[in-house]
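Novice: With the sequence up front, the predicted model follows.
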4 protein chains.
Amino acid sequence: MAKGTNTKETIKRQALNLFVAQGVDGTGVREIAKTSGITEGAIYRHFKGKDELVWLLFSENYSAYAEKLEALQDREHGVANKLAAMIRGFCMFYDQDEILFRFLLLVQHGQLDKIDDKSPSPVRVVAGVIQQGLDQEEFKAPPFQDAMEATAWVFGIVLETATFKIYNRLTGSMYARADGLVKACNGALGLKP
Amino acid sequence: MAKGTNTKETIKRQALNLFVAQGVDGTGVREIAKTSGITEGAIYRHFKGKDELVWLLFSENYSAYAEKLEALQDREHGVANKLAAMIRGFCMFYDQDEILFRFLLLVQHGQLDKIDDKSPSPVRVVAGVIQQGLDQEEFKAPPFQDAMEATAWVFGIVLETATFKIYNRLTGSMYARADGLVKACNGALGLKP
Amino acid sequence: MAKGTNTKETIKRQALNLFVAQGVDGTGVREIAKTSGITEGAIYRHFKGKDELVWLLFSENYSAYAEKLEALQDREHGVANKLAAMIRGFCMFYDQDEILFRFLLLVQHGQLDKIDDKSPSPVRVVAGVIQQGLDQEEFKAPPFQDAMEATAWVFGIVLETATFKIYNRLTGSMYARADGLVKACNGALGLKP
Amino acid sequence: MAKGTNTKETIKRQALNLFVAQGVDGTGVREIAKTSGITEGAIYRHFKGKDELVWLLFSENYSAYAEKLEALQDREHGVANKLAAMIRGFCMFYDQDEILFRFLLLVQHGQLDKIDDKSPSPVRVVAGVIQQGLDQEEFKAPPFQDAMEATAWVFGIVLETATFKIYNRLTGSMYARADGLVKACNGALGLKP
DNA sequence: CATGAATGAGGGTTCATTCAT
DNA sequence: TATGAATGAACCCTCATTCAT
């Protein structure tokens, strides 16, 4: 039993690595199996197919990200504090498992439309926080048209910084940039912390 | 002769459409040919192979984007004005050919490392403008560590807004959001226009 | 111990059902196991493999059919009576277990050549009865060249009627058609009952 | 063009041979290709897949059989003559291409339900002839319940004779048995020719 | 006796590319 | 230039069977 569980987790981690390194289409089931130290057919005892493997990898971690952000913002008061907590949290998560984040970034376009509208989503968490700030009039003269536009800006600032890091245009840990990201987001949204 | 040129351009445009709609790996040479009104083999009269087609589509347009931005900033004075001009310009380019932009976004990960370090790049154009602003001390107390980090923020704000539009989280034209984007970037970088 | 026997019989019956519904090649060992309430590996406690399972299912029942027909004809006197008894008997057997008959029909082509030439066979039983009728000059002017040809006709009349029933070209029970089948066979063979 | 056509016909004939020799499931696309002197992928230029190959082989020839029988009966008058003509015709067709007939017999179970109810079918042709005989009161005291039952008998007599030949229980050509088959069918149906 | 993870060969199919026409 | 048949490798997946537990 323990062995089987390990196999499944091994497959998932190796697949993640390969997907990030070569793309999903560029990675064969054969290669995943070999890297995991098993044969091709064994994959199918643990996953219905390659699609399910990708989907599981995405949906499990995408939701987990959302829940982590939700927990972080829940402990704070005020938009600025909530945003800051989430940004710092994201930086820590990113540094802990860069590969995972890159995978999420890589496959989101093909998987997002399969996500249940009710399941937690990072976008909805952030948009919710900003909307709440609007409702409570924490923004004096918001430069954005609505909460979703502001959400795009926040996501852009944070994710593009991570992306620049991935392509070696930026170096060092994400956490070392957390303060700057917080300031940038506050500045973009017109928030005085 | 004009006909041959047309065929090549037809292939490129049809391929672009298909790549955006189905992904590069999800689009076969056969399908590109059929959509272009020719047969498989004929593709190879115009391109060495599928890879070259993708590469040409990417590199030509990626460089063109860079040159357009370069021209726009060149007419302005001061970081803020230059940035504003580029952002507004980008919004117009985007609205003129959304498919093209989506293609660039789609394939950049696999193509960026093939880009010649000397050929023009949107990232370098923007980073250059910001660096110049730093050199001329246009930023009072820059919240970013270096020009590249600030570039990431600007790109993030603009590109993520476009991405949100693609996934229908935002609606309307990009140009209608240009003013907001300019304000957001100024705010993020600590620029008073 | 009774349980073990039951398991084996359960497997055989479930396999029979699945083979008839989906074909032998279309039915996996995994499916047979699941339907039987056990797991794949357990099948191999009872049978050497899938082939043996098919073979056992075929040979046991094929021989049993032959023995039943043999017993039926043995109680009668004269070709006509013997044939009539076997035809009526077959109709009853068929109605009792249509699935079994369909299975026999389904796999006979692949299994017949493995049948021991000495073991009882329905064909030989019927051919024997007709040959005996020939030897005892019960046929006045036989329209057939030899006993085997006449046997083909009898089998054809009866089995094709059953086949038409399977494919819903005929309805009702086989036994309701027994009298007609007897008449048809007598007519074909030139027998006046 | 001539080459392509030949390839397609070659594939069809070789597939037919292999299907009859080893069964459809027992014959791989790889093997069909090799026997046809081409590679696997080439099959798919001519057929959408293995299923279509089987279906084409079946439907084309099944309909052709029906049309031949239809033409034969159309030239005759009276049930007895029509039936005799079809039986003799069938024997000739069979002798001309035994493999083809065996293929039809082999796969009919899996393909019959895909047959368009409107397309010609041997069963319907024969049943139509018998029904017509009933309508015109050519049968004095029909021993069968309806035309379809009589059709089953006729098909059984003829096809089972062919089947016995296939399994070497009978020898010689089918045509040599045509007179006997006609007599058998007449006898079974209670027809005095 | 039973489990179910793993094997390894084979299944049908797709696809970028080549080449005789 | 254009065609489309053919190639050959790789694709994802299924399956009968084995074996450690």
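Specialist: Sure thing, it's come through.
Novice: ok, the residue of chain A found nearest chain C - contacts?
Specialist: Proximity of chain A to chain C (CB to the nearest CB) peaks at residue A:45, 10.8 Å away. Every residue, glycine included, has its C-beta placed from N, CA and C. Residues near residue A:45 by CB atoms under 8 Å, 6 or more residues apart in numbering or on different chains: none.
Novice: what helix or strand is it on?
Specialist: Using DSSP states H and E, residue A:45 sits in helix A:40-46.
Novice: list the buried ones in that helix?
Specialist: The neighbour-count check on helix A:40-46 (16 or more other CB atoms under 10 Å in any protein chain shown) flags A:43, A:46 as buried.
Novice: Whichever helix or strand comes after it near DNA strand F at all?
Specialist: For helix A:40-46, the following helix or strand on the C-terminal side (DSSP H and E) is helix A:50-74. Yes - using CB under 7 Å from any atom of the strand, helix A:50-74 reaches DNA strand F at A:50, A:51.
Novice: buried stuff in helix A:50-74?
Specialist: Under 16+ other CB under 10 Å, the buried positions of helix A:50-74 are A:50, A:53-58, A:61-63, A:65-66, A:68-70, A:72-73.
Novice: distance of the closest residue to residue A:122 other than its chain neighbours from chain B?
Specialist: Excluding its sequence neighbours, the residue lying closest to residue A:122 (CB to CB, 6 or more residues apart in numbering or on different chains) is residue A:66, at 4.8 Å. Counting by CB to the nearest CB, to the nearest Å, the gap from residue A:66 to chain B is 15 Å.
Novice: Just list the residues touching residue A:136, thanks.
Specialist: If you count contacts by CB under 8 Å, 6+ apart, residue A:136 has none.
Novice: Next, work out how far apart the residue of chain A found nearest DNA strand E and residue B:28 are.
Specialist: Residue nearest to DNA strand E within chain A: residue A:41 (2.1 Å; CB to the nearest atom of the strand). With the distance defined as CB to CB, to the nearest Å, residue A:41 ends up 28 Å from residue B:28.
Novice: for residue A:102, same thing?
Specialist: To residue B:28, residue A:102 is 27 Å away according to CB to CB.
Novice: picking up where we left off before, pretty sure the residue nearest to residue A:122 sits against residue A:118.
Specialist: No - with contact defined as CB atoms under 8 Å, residue A:66 does not count as touching residue A:118 (11.7 Å).
Novice: would you list every one of the strands in chain A?
Specialist: With strands called from DSSP state E, chain A shows none.
Novice: which ones are touching residue A:80?
Specialist: So residue A:80 contacts A:138, A:186, A:191, A:192, A:193 (CB under 8 Å, 6+ apart).
Novice: Let's see which of these end up in helices.
Specialist: residue A:186 (DSSP state H).
Novice: would you turn the contacts of residue A:80 into JSON lines with distance to residue B:166?
Specialist: Listed next are these as JSON lines, based on distance: CB to CB, whole Å:
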{"residue": "A:138", "distance to residue B:166": "29"}
{"residue": "A:186", "distance to residue B:166": "27"}
{"residue": "A:191", "distance to residue B:166": "27"}
{"residue": "A:192", "distance to residue B:166": "32"}
{"residue": "A:193", "distance to residue B:166": "31"}
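Novice: so who does residue A:162 touch?
Specialist: Taking CB under 8 Å, 6+ apart, we find residue A:162 in contact with A:94, A:101, A:105, A:174.
Novice: how about the nearest residue to the second one, chain neighbours excluded?
Specialist: Sequence neighbours aside, residue A:94 is the residue nearest to residue A:101 in space, at 5.1 Å (criterion: CB to CB, 6+ apart).
Novice: tally of neighbours for the one you found?
Specialist: Residue A:94 has 21 neighbouring residues, counting by other CB atoms under 10 Å in any protein chain shown.
Novice: before we move on, what about residue A:130?
Specialist: Neighbour count for residue A:130, taken as other CB under 10 Å: 26.
Novice: What of residue A:159?
Specialist: Residues within reach of residue A:159, counting by other CB under 10 Å, total 20.
Novice: again with residue A:21
Specialist: With other CB under 10 Å as criterion, residue A:21 counts 11.
Novice: which residues touch the nearest residue to it once chain neighbours are set aside?
Specialist: Leaving aside its sequence neighbours, residue A:21 sits nearest to residue A:27 (CB to CB, 6+ apart; 7.9 Å). Residues near residue A:27 by CB under 8 Å, 6+ apart: A:15, A:18, A:19, A:21.
Novice: Settle this for me: the first one is touching residue A:33, isn't it.
Specialist: No - the pair formed by residue A:15 and residue A:33 falls short of the contact definition of CB under 8 Å, at 9.6 Å.
Novice: These two: who's more crowded?
Specialist: Neighbours were counted for residue A:15 and for residue A:33 using other CB under 10 Å; residue A:15 has more, 26 against 19.
Novice: near DNA strand F, anything from the helix holding residue A:45?
Specialist: Yes - shown here: helix A:40-46 in contact with DNA strand F (CB under 7 Å from any atom of the strand) through A:40, A:41, A:44.
Novice: Not counting residues beside it along the chain, what's closest to the first one?
Specialist: Translated: residue A:40. residue A:33 is the one closest to residue A:40 (CB to CB, 6+ apart), at 4.7 Å.
Novice: Does DNA strand F have contacts with the helix or strand of chain A with the lowest mean pLDDT?
Specialist: Least confident helix or strand, chain A: helix A:2-22 with a mean of 86, by mean pLDDT, DSSP states H and E. No - judged by CB under 7 Å from any atom of the strand, helix A:2-22 and DNA strand F are separated, with a smallest distance of 7.6 Å.
Novice: So for the residue nearest to residue A:122, what's the pLDDT?
Specialist: The score at residue A:66 is 95. That number is its pLDDT.
Novice: who's in contact with it?
Specialist: With CB under 8 Å, 6+ apart, residue A:66 has these contacts: A:119, A:120, A:121, A:122, A:124, A:125.
Novice: can you do 7 Å?
Specialist: By CB atoms under 7 Å, 6 or more residues apart in numbering or on different chains, the residues touching residue A:66 are A:120, A:121, A:122, A:125.
Novice: okay if I get these as TSV plus neighbour count?
Specialist: As requested, these are exported to TSV (neighbours: other CB atoms under 10 Å in any protein chain shown):
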residue	neighbour count
A:120	18
A:121	20
A:122	21
A:125	22
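Novice: Widest-spaced pair of those?
Specialist: Largest separation among those by CB to CB: A:120 and A:122, giving 8.0 Å.
Novice: what about residue A:102 and residue B:28, which has more around it?
Specialist: residue A:102 (20 against 13).
Novice: out of everything not next to it in sequence, what's closest to that one?
Specialist: Using CB to CB, 6+ apart and skipping the chain neighbours, the partner closest in space to residue A:102 is residue A:20 (4.8 Å).
Novice: Could you report the neighbour count for the one you found?
Specialist: Residue A:20: 21 surrounding residues under other CB under 10 Å.
Novice: Could you check how far it is from residue B:31?
Specialist: 28 Å.
Novice: ok, residue A:157 touching residue A:180?
Specialist: No - using CB atoms under 7 Å, residue A:157 is not in contact with residue A:180; the gap is 9.4 Å.
Novice: who's more crowded, these two?
Specialist: residue A:157 (29 against 21).
Novice: so what's that one scoring on pLDDT?
Specialist: You'll see residue A:157 listed with a pLDDT of 98.
Novice: likewise residue A:193?
Specialist: For residue A:193, the predicted pLDDT is 67.
Novice: before we move on, what about residue A:113?
Specialist: For residue A:113, the model assigns a pLDDT of 83.
Novice: how close does it sit to residue B:161?
Specialist: Counting by CB to CB - residue A:113 and residue B:161 are separated by 20 Å.
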